Structure formats: structure tokens, C-alpha cells
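[1] need the 3D shape of this:
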Amino acid sequence: MQFIRHGLTAALVSACLSAKAAGYTATQITPAGATSSDAWDVNNAGQVVGSYSSAAFTYYRGYVWSGGTFTTLTGPAGALSTSALGVSDTGTVVGAYYDTQVVDDTGALVLGNSHGFIYEGGTYTALNVAGAQATELRGVSPDGRFITGYATLDDSTWRGFVLDRSTSGVTWLGSTVPGAFTIVQGVNNLGQVVGDERVPAGTGPVTRTSFIYDIGSGVRTDQNLPGATRTAYRDINDAGQIAGFLVAGGASQGFVGTPASFQSFAYGAQNDTILEGINNAGWLVGRYVVDADGNTQALLLTPVPEPSVWLLSLAGFGVVGWQVRRRRA
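    Prediction:
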């Protein structure tokens, strides 16, 4: 397996990024009629949620994929576009939808502000942060307790937040510098949250930082991957493995691991891959760019057992077979 370890030079990082990831089986997830598709999260039951576009409708629609079967999520009443972005182990789906269109500065008709939604037990419930211009729900913990997202506030910032459904308490994360944009997405059952933040620096370059935030202690740890010009943390499982993407040499590459030891992924002719979700079994979901127009293909990566694991399994089968034959004798 091609691992990149802390301390290697940027040149070596770029060289490693050009190869597809070893030790994983890649599965394309493509809803019928999709012209472009994304995969955003995978739960411990193997259900995948995402969104896709099609010539049959305008904008995007969310979906749930379970064992090869797709269910389209059209969103709350009046929704024009829907994205399913997080799923719990019991099948609770969170995401974002748009129900208005506005004319932008160029005179084009575009979608208005987003709203968050929770899809649970076959029912959609809108969730909007009080006082926010727009809300987007990005993730939900496997046990369904925590919901993450971000909202546009009156101070011209996009602030990340975590909602504790057991107490209805909201924790705000991110810079209050005007124009700052904080994405809070992945959250595990231990209350560890991951995301990334972009903060304007006057006339200088934008500062980009990924972070892990512990809800229980209130401690935020900023960190980026070595050799990358940009790092974006997107999800974290209960073992502390992080999935997301990095930029090095001008290309976006998916990754899984930690700053001390991580593996990178590159798929498609455009060499542009982003990972968004990981479950406790190490399943990864995301997307890669398939053409120059920016259309994407939803992707599921499942770990292939190491040879030693297969040998142990075969040995175990052999012992069971021997015991069965012995009993029959």
C-alpha cells in the first residue's frame, strides 16, 4: 500500500499522488439516467447517500443507495434541488435543499438560499438556524445524536455548528472574520468533529486550515497534511481515521488516515478525486471528475483484506471443515 508519511518532501508526495490507491475495490455508484453524481456519506450498515443530476430534471436530487438499490430523495414540499449529505446507522438522512430561484448579477436565474433538512421515518423536517440567511446540514453521527453543518450569518461569515439532538444545544465553530467560511461535516460517536476553515487575510492570501474539534472538552486542534497546499478534512470514524482531500501539484486527491500516516487516491483521466465519508469498516465514498466540463462520478472504495487476513480465514475454514468431517466420522 502506498502510504505517505510525515516529513517527506512535497516532490515525493506529488509522485505518490499520481497512482491509484492499492488495497481497495472501487465501485461506481450511478443512479439511472445520471449525467453527474456525488457520494457524500456511508454508514456502518453500508448505506450510501449522495446527489445526482439528470437530463430528466433541473438541478440536483438526493439519493440513498443500499445494496445496489437506489431511492431518490426529492426533499420537502416545494424543493427545487436536494442533496443528501449525511446518514446515520438507523437511516436518518440530513442534507440541504433549495426552494427559490433568484436573478444574479449577470441576469441569470439561479438557486436562492439553502435550507437544511432531516429525513427520518419517511418524513422530511426542515431545519434552519435562527437568524441565518442560509443553512446546510452536512453530517450526522452514526448514533444520530449530533448533526453538523454551517450557516450564513449577518456578519458576512459562514459559521460551522454542531447540534446535539439530545439537549438541543448548538455549538458554533469558526472564525468571525467577515468573509470567513467554516465547513463542519464529519462527526463520530465519540463527539469528534472534523472540518476546514478559509479565512481572508486582508490583501494577502486566504488562510486555509483543517481541524479536529472535541465536543466534550471543547478543544480544537488545527492540522494540515504535510506536502499539501490545501487540506480539507471531511469525515472521521470511531477509530480516528480521517477522510477528505488535499491539493498538491494543482490536483485534488482523496486521502484517508492521519497527518502521521495517510494514503492518497487518484481516479479518472482528470486525476481529480475527492473523498467525503468513511465508516467504521473503512469504507470510503466520494467522487472523481470524469470530463473537462466538471461532471463527476460517485465512488465507493471498500478495503481488500491483506493476504495474511485471507490466510487466517482459509485456515479457519480448514479447521471448521476438519471438525465437521471428524464429527461425521
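[2] how about low-confidence regions in the stretch 1-150 of the chain?
    For the stretch 1-150 of the chain, the stretches flagged by pLDDT under 70 are 1-22.
[3] tell me where it has helices.
    Assigned helices in the stretch 1-150 of the chain, in chain order: 10-17 (criterion: DSSP state H, counting those that start in this stretch).
[4] residue boundaries of the strands in it?
    For the stretch 1-150 of the chain, applying DSSP state E, counting those that start in this stretch gives strands covering 3-5, 24-29, 34-42, 48-54, 57-66, 69-73, 81-87, 93-98, 101-103, 109-111, 114-120, 123-127, 134-140, 146-152.
[5] can you tell me the element the residue nearest the centre of the chain falls in?
    Nearest to the geometric centre of the chain sits E276, at 2.2 Å (C-alpha atoms, centre = their mean). In the assignment (DSSP states H and E), E276 maps to strand 273-278.
[6] name the residues that touch that strand?
    Residues outside strand 273-278 that contact it (C-beta atoms under 8 Å, 6 or more residues apart in numbering) are 38-42, 48, 185-186, 234-237, 241-245, 252-256, 265-267, 284-289, 299, 301. For every residue, glycine as well, the C-beta is placed using N, CA and C.
[7] just to revisit the earlier point, dump the strands of the stretch 1-150 of the chain to CSV, plus distance to N224 and mean neighbour count.
    Listed next are the strands of the stretch 1-150 of the chain as CSV, based on distance: least, C-beta to C-beta, whole Å; neighbours: other C-beta atoms under 10 Å:
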stretch, distance to N224, mean neighbour count
strand 3-5, 13, 16
strand 24-29, 24, 16
strand 34-42, 22, 24
strand 48-54, 26, 26
strand 57-66, 30, 20
strand 69-73, 34, 15
strand 81-87, 23, 27
strand 93-98, 27, 27
strand 101-103, 36, 11
strand 109-111, 32, 13
strand 114-120, 28, 23
strand 123-127, 31, 14
strand 134-140, 20, 26
strand 146-152, 20, 25
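[8] and the ones you listed: which comes nearest G174?
    For the strands of the stretch 1-150 of the chain, proximity to G174 was assessed by C-beta to C-beta; strand 146-152 is nearest, at 7.7 Å.
[9] the closest one pairs with which strands, and in what direction?
    Sheet partners assigned to strand 146-152 using DSSP bridges are listed as strand 134-140 (antiparallel), strand 158-164 (antiparallel).
[10] thinking again about what came up before, what average pLDDT does the strand holding E276 get?
    If you average the pLDDT over strand 273-278, you get 97.
[11] save the strands paired with strand 146-152 as TSV, and put in distance to S54 too.
    Formatted as TSV, the strands paired with strand 146-152 follow (distance: least, C-beta to C-beta, whole Å):
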stretch	distance to S54
strand 134-140	22
strand 158-164	29
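[12] any idea which of these gets closest to T171?
    Nearest to T171 among the strands paired with strand 146-152 is strand 158-164 (4.6 Å), distances taken as C-beta to C-beta.
[13] after that closest one, which helix or strand is next?
    Using DSSP H and E, the helix or strand that follows strand 158-164 in sequence is strand 169-173.
[14] run through who's touching that following strand.
    Here strand 169-173 makes contact (C-beta under 8 Å, 6+ apart) with 129, 159-164, 182, 184, 193, 195, 213, 215, 220.
[15] ChimeraX command to pick out the buried ones of the residues you listed?
    In ChimeraX syntax, the buried subset of those is picked out as below (16 or more other C-beta atoms under 10 Å):
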select :129,159,160,161,162,163,182,184,193,195,213,215
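[16] closest to G121 out of the contacts of strand 169-173?
    Nearest member of the contacts of strand 169-173 to G121, counting by C-beta to C-beta, is L163, at 18.5 Å.
[17] ok, now which ones touch the closest one?
    Here L163 is in contact with 127, 146-149, 169-170 (criterion: C-beta under 8 Å, 6+ apart).
[18] would you reformat those residues as CSV and include distance to N295?
    Shown next, in CSV, are the contacts of L163 (distance: C-beta to C-beta, whole Å):
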residue, distance to N295
L127, 30
F146, 33
I147, 30
T148, 27
G149, 26
G169, 40
V170, 36
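[19] can you point out the buried residues in stretch 197-215?
    For stretch 197-215, the neighbour count (16+ other C-beta under 10 Å) marks 197-199, 208-213, 215 as buried.
[20] next one: it to chain centre, how far?
    Offset of stretch 197-215 from its chain centre (C-alpha atoms, centre = their mean, to the nearest Å): 19 Å.
[21] the residue lying closest to D214 once chain neighbours are set aside and I212: what is the separation?
    Once flanking residues are discounted, D214 sits nearest to Q192: 5.8 Å by C-beta to C-beta, 6 or more residues apart in numbering. The gap separating Q192 from I212 is 6 Å, by C-beta to C-beta, to the nearest Å.
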